[in-house]
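Asker: Sequence plus predicted model, see below.
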Amino acid sequence: TRFLTLPFYHLYPEDIRLSKKYGLNAIRVSISWTRIFPKGYGQPVQAGVDYYHRLFKECLDNGIEPYVSLHHFDSPKTLFDDGDWLNRKNIDYFVDYAKFCFDEFPEVKHWFTINELISLAYSQYIQGNFPPNHKFDVSSAIQAEHNELLAHARVVNLFKDHGYNGKIGLIHVLQPVYPYPKTPENQHAADLSDAFMNAFLLDGTFKGEYTAKTMKLINEILDANDAHLEIEPGDMDILKKASTRNDYFGMNYYQPSFFAAYNGESTNHFNGTGTKGTSSFKFKGVGQAVKNPDIPTTDWDWNIYPEGLYDILQRVSSEYPNSKEIFITENGLGLKEDLPEDANENTIINDDKRIDFVDQHLAAILKARNEGVNVNGYFIWSLQDQFSWANGYNKRYGLFFIDFATQKRYIKKSALWYKALADTMK
């Protein structure tokens with residue numbers, strides 16, 4: 001997805017050209033719900049519809065397959081103000097919007113319903129770094145998780161019931177949780193965090209039920225926080241019907257977390273500035289995030305641990321066979337990077353740390369694949385540097401450096417490395 005500070009809307013032909021030149025044969029893009037339905041419902045805006053037809057044609061004309069998300073952190077403000085995913089009426093609007101897109105864009109053959117369901121619920125209602133910026137509102141967070149799963153399931157069932165030509169799935173960002181140090185108490189804290197961050201969503205997606213093991217942990221969290229989850233009659237039937245109908249699973253992976261037992265009140269500090277060592281997270285009834293001194297971290301205190309990707313791939317493959325085919329839909333390294341003062345069109349920005357990061361994570365993927373995990377694609381995050389809600393401009397992920405003042409693109413060393421890698425796979 002692209003943000004307003006990046007005029008991808010106008011510059012997409014250049015970005016698609018760069019994608020082709022540097023070996024990409026698929027690209028993730030998202031449809032902005034508000035660009036087509038400004039209020040989330042009503043009459044479509046034809047200019048928005050026409051734009052996406054042009055974008056998809058540009059991709060396909062250049063031999064690049066678009067993998068299209070219907071929702072990527074961007075609910076229409078009218079619906080956001082009316083409760084966002086906490087308002088079940090907005091699920092109806094999302095299903096209507098999805099149907100419009102399926103009917104309107106038959107050139108798209110690969111769909112994702114919602115990107116990173118936990119990032120919405122967790123960042124909006126637990127960590128507080130996404131609007132409406134609530135902290136440790138556990139009832140809202142778990143309800144948002146359930147309602148998002150319901151929205152996804154209804155759209156998958158619509159897609160399959162109507163026989164649309166194409167494939168569909170969703171994207172979860174998975175964060176394996178390890179105890180540190182390894183004690184029974186810390187293992188339980190890790191299990192609680194995993195249930196909230198991973199298992200509840202994976203169960204709902206691919207089992208169509210919340211297993212007894214998962215719900216025992218979730219209920220422990222709810223009880224500790226005087227929180228509750230409302231599941232209406234028929235909800236689980238919808239989840240169950242959809243659970244076998246996903247064609248593939250998009251997995252985003254950046255880091256694991258390390259957890260220890262904690263008995264105090266909830267408190268956190270989100271490191272959005274890249275001031276290393278400033279993040280903290282303590283969740284009442286769950287545990288606290290801790291640093292494992294053996295694991296390197298980024299300036300934003302993200303753990304660098306490729307083995308976590310291998311572990312979570314193996315887990316999904318063995319515990320959730322309905323995931324079928326797995327794509328790594330995001331993986332990458334955010335860095336502080338500057339443009340040299342004498343930069344010109346031939347400048348290549350050195351980002352060896354990013355190359356090492358991606359190389360190690362690709363090795364983890366190949367190890368899992370060689371052991372039978374059906375993982376068949378990798379999307380690096382990201383094509384270009386972007387503006388982030390949570391981190392502003394200073395956390396750069398791209399293969400291409402963006403001078404935000406001029407919008408000029410500069411090549412990073414990782415782009416050349418990635419092209420060489422892609423060329424070996426032709």
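Answerer: Perfect, thanks for sending it. Residues are numbered from 1 along each chain as shown.

Asker: Settle this for me: residue 392 is touching residue 272, isn't it.
Answerer: Yes - checked against CB atoms under 8 Å, the pair residue 392 and residue 272 is within contact range at 7.2 Å. (Each C-beta comes from the backbone N, C-alpha and C, glycine too.)

Asker: Between the two, which is the more surrounded one?
Answerer: Higher neighbour count among residue 392 and residue 272: residue 272, with 17 against 12, using other CB atoms under 10 Å.

Asker: Does the more buried one belong to a helix, a strand or coil?
Answerer: coil (DSSP: H, G, I helix; E, B strand; the rest coil).

Asker: That one and residue 129 touch, don't they?
Answerer: Yes - here residue 272 reaches residue 129: they are 6.5 Å apart, a contact under CB under 8 Å.

Asker: what touches both of these two?
Answerer: residue 390 (CB atoms under 8 Å, 6 or more residues apart in numbering).

Asker: which helices and strands does the helix or strand in which residue 326 is found pack with?
Answerer: According to DSSP states H and E, residue 326 maps onto strand 325-330. When contacts are defined as 3 or more CB pairs under 8 Å, 6 or more residues apart in numbering; DSSP states H and E, strand 325-330 sits against strand 167-173, strand 248-252, helix 306-319, strand 375-378.

Asker: Same list (those) but as TSV, adding distance to residue 204.
Answerer: Below are the helices and strands packed on strand 325-330 laid out as TSV (distance: least, CB to CB, whole Å):
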stretch	distance to residue 204
strand 167-173	10
strand 248-252	13
helix 306-319	13
strand 375-378	22
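
Asker: now the helices: where do they sit in this protein?
Answerer: 8-21, 33-36, 46-61, 77-81, 88-104, 117-125, 138-161, 184-194, 200-206, 212-224, 235-242, 306-319, 352-370, 413-423 (DSSP state H).

Asker: what sits against the spatially most central residue of the chain?
Answerer: By CA atoms, centre = their mean, the chain has its centre lying nearest to residue 116, at 3.6 Å. Contacts of residue 116 were listed using CB under 8 Å, 6+ apart, and they are 72-73, 171-173, 252.

Asker: Tell me the pLDDT of it.
Answerer: Among the per-residue scores, residue 116 shows a pLDDT of 98.

Asker: What's the separation between it and residue 103?
Answerer: Remark: distance between residue 116 and residue 103 (CB to CB, to the nearest Å) = 26 Å.

Asker: separation between residue 107 and residue 65?
Answerer: 10 Å.

Asker: And residue 193, by the same measure?
Answerer: Distance from residue 193 to residue 65, by CB to CB: 36 Å.

Asker: Equivalent analysis for residue 309, please.
Answerer: In terms of CB to CB, residue 309 sits 23 Å off from residue 65.

Asker: Kindly report the same for residue 190.
Answerer: On the measure of CB to CB, residue 190 and residue 65 end up 38 Å apart.

Asker: the more surrounded of those two?
Answerer: residue 190 (24 against 16).

Asker: does the more buried one really touch residue 176, like I thought?
Answerer: No - Residue 190 is beyond contact range of residue 176, at 9.0 Å (criterion: CB under 8 Å).

Asker: Contacts only, for the residue nearest to residue 140 when sequence neighbours are not counted.
Answerer: Closest residue to residue 140 apart from its sequence neighbours, by CB to CB, 6 or more residues apart in numbering: residue 125 at 4.3 Å. Residue 125 makes contacts with 134-138, 140-141, 144, as judged by CB under 8 Å, 6+ apart.

Asker: So which of the residues you listed is the closest to residue 314?
Answerer: residue 141 (27.5 Å; CB to CB).

Asker: And the nearest residue to the closest one once chain neighbours are set aside, how close does it get to residue 323?
Answerer: Nearest non-adjacent residue to residue 141, counting by CB to CB, 6+ apart: residue 125, 3.9 Å away. Applying CB to CB, the value for residue 125 to residue 323 is 26 Å.

Asker: Same check on residue 418?
Answerer: On the measure of CB to CB, residue 418 and residue 323 end up 26 Å apart.

Asker: Next: residue 11.
Answerer: Taking CB to CB, one finds residue 11 at 35 Å from residue 323.

Asker: which of those two has more neighbours?
Answerer: Neighbours per residue (other CB under 10 Å) separate residue 11 from residue 323, with residue 323 holding more: 23 against 16.

Asker: and the more buried one, what does it touch?
Answerer: So residue 323 contacts 205-206, 246, 248-249, 316-317 (CB under 8 Å, 6+ apart).

Asker: Of those, which is the nearest to residue 357?
Answerer: residue 316 (21.4 Å).
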